[in-house]
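> I'd like to go over a predicted model; first the sequence, then the structure.
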Amino acid sequence: MMNLDDLMAVWRSQDDAPLHDVNKTLLHLALRQEDAKLQKSRRLERWIIYVASVGLVGAMALFLWIMIATRDRNVMTGWDFVIPTIGAVAAMVAGVTIYVNHKGQARREQRFGESLRDQLNRSIAQLDDRTTRSRMTLVMVLLAGICPIAILLLGLRINQKSFSDDGYLVVSMIFMSIWAVGTGVWELHRQAREVLPRKQRLEALLKELDAS
Amino acid sequence: MQDSERDHIFGEWLTRHKGILFKVVHVYAFEHADRQDLFQEIVIQVWRSVDAFRGDSSVPTWMYRVALNTALAWTRKESRHQRGKQPFDVVEGLLMTASSASRDPRVDWLYQQIAQLKDVDRSVALLLLDGFSYKEIASIVGLTESNVGVKINRIKAALAGKRAEETA
């Protein structure tokens, strides 16, 4: 019967005759593609942040300009100033929450070491974070879908206009909101279907480690 | 770290220690397409990990860590799904199968036995056969040394039992 040393000797014999080899040309190409993919996703992330920031600042500046520049001051009521202010504060709170959540997750991930157990825990924490971010995004999409309609209806009410005055605008906003909310819910379900099996597999591996 | 520097280090690691990656791939994937998939995934993770390597452990230990972590978390379904999003055409043919003519048939027998172990036990068996100490295995896998000892005793018993069964 072979003992461990014999088994190890047999095992090491494959180092002289490896099971496989690597196609270096394809490998080089694969790594360049991977690098390009990484660069592209980083660029996209940067652009999304730039565009979102510019869009937010631009929208706020436009609101401010409309408020200051409007000549017919009798039309403006206190609510016309309060509503955009609440919106801006909500946007800032959302931004800060996302930033704090991002930093907190980075700190949590740093606490894990390099062992397999730590890697599994890190991967599970990443999946949980992904789920949390998806839910936050859905809440924001829901708000982004509902708030404009609410603001528009409130504006009509405050300014004593009838629904028919801005009928097309209200109907098109309702359709856009339904589309945005529907897309958000669908995306959340899709991500959950993707994340859940992976999380279950990682948890099963962790259980296997603990069962030793 | 610059791209060229990373590529240089990665190239050196691969030349010296590619056997580690082949072993891990062979233990965790069983069909040709799966092996191609997993090998691609591991190679990319090792390449990405070059920046994070601080020299606290040896290069083979580091490569084993990265390769085993990737292999254990890898599932073909997800890998295919990811590739669907980001087309990656070169995967087929990245890993070339060498001739088995000069290989000891007992190596194949060992692979067959390891394949029957649980996922985590396969990692322990690989590290044990490649001569890592209990302490190193414990550090790589994230178990206590005594737990590693228990696992290794079970693995040895399983291998010995199988061998005895076949020779009887």
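On my side now, so go ahead.
> quick one: A:N121 and A:L206 touch, right?
Yes: contact criterion CB atoms under 8 Å: A:N121 and A:L206 qualify, at 7.2 Å. The way it works is simple: take the backbone N, C-alpha and C, and place the C-beta from them, glycine included.
> what residue ranges in chain B are flagged as low confidence?
The model of chain B has pLDDT under 70 over residues B:1, B:75-92, B:99-102.
> Domain-wise, how is it divided?
According to automatic domain parsing, chain B is divided into the following domains: B:1-97, B:99-168.
> And for B:R103, nearest residue in space, chain neighbours not counted?
With sequence-adjacent residues excluded and distances taken as CB to CB, 6 or more residues apart in numbering or on different chains, B:R103 is closest to A:A17, at 4.9 Å.
> Surely the one you found forms part of a strand?
No: the assignment for A:A17 by DSSP: H, G, I helix; E, B strand; the rest coil gives coil, which leaves it out of any strand.
> Please tell me how far it sits from B:I152.
From A:A17 across to B:I152, the span is 27 Å (CB to CB, to the nearest Å).
> Tell me which of these two has more neighbours.
The neighbour comparison of A:A17 against B:I152 (other CB atoms under 10 Å in any protein chain shown) goes to B:I152, with 18 against 14.
> Am I right that the more buried one is in contact with B:Y134?
Yes: with the criterion set as CB under 8 Å, B:I152 and B:Y134 qualify as a contacting pair; they are 7.3 Å apart.
> In chain B, which residue sits nearest chain A?
When CB to the nearest CB is the measure, chain B has its nearest residue to chain A at B:G142, with 2.7 Å between them.
> count of neighbours near that residue?
Using other CB under 10 Å as the criterion, B:G142 is surrounded by 20 other residues.
> Tell me who's in contact with it.
B:G142 makes contact with A:G113, A:S115, A:L116, A:R117, A:D118, A:Q119, A:L120, A:L209, according to CB atoms under 8 Å, 6 or more residues apart in numbering or on different chains.
> One more: A:L116?
Taking CB under 8 Å, 6+ apart as the test, what A:L116 contacts is A:L209, B:R65, B:L68, B:N69, B:L72, B:V120, B:S123, B:I140, B:V141, B:G142.
> mind putting those in a markdown table, distance to A:S172 and secondary structure included?
Output for those, formatted as a markdown table (distance: CB to CB, whole Å; DSSP: H, G, I helix; E, B strand; the rest coil):
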| residue | distance to A:S172 | secondary structure |
| --- | --- | --- |
| A:L209 | 55 | helix |
| B:R65 | 55 | helix |
| B:L68 | 55 | helix |
| B:N69 | 50 | helix |
| B:L72 | 51 | helix |
| B:V120 | 56 | helix |
| B:S123 | 58 | helix |
| B:I140 | 59 | helix |
| B:V141 | 58 | helix |
| B:G142 | 56 | coil |
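> any chance of those residues in CSV, plus distance to A:G55?
Formatted as CSV, those follow (distance: CB to CB, whole Å):
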residue, distance to A:G55
A:L209, 46
B:R65, 43
B:L68, 45
B:N69, 39
B:L72, 42
B:V120, 48
B:S123, 48
B:I140, 47
B:V141, 48
B:G142, 45
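> What is the burial count for the nearest residue to B:A73 once chain neighbours are set aside?
In space, B:A73 comes closest to A:S123 once its chain neighbours are excluded; the distance is 5.9 Å by CB to CB, 6+ apart. For A:S123, the number of neighbouring residues by other CB under 10 Å comes to 21.
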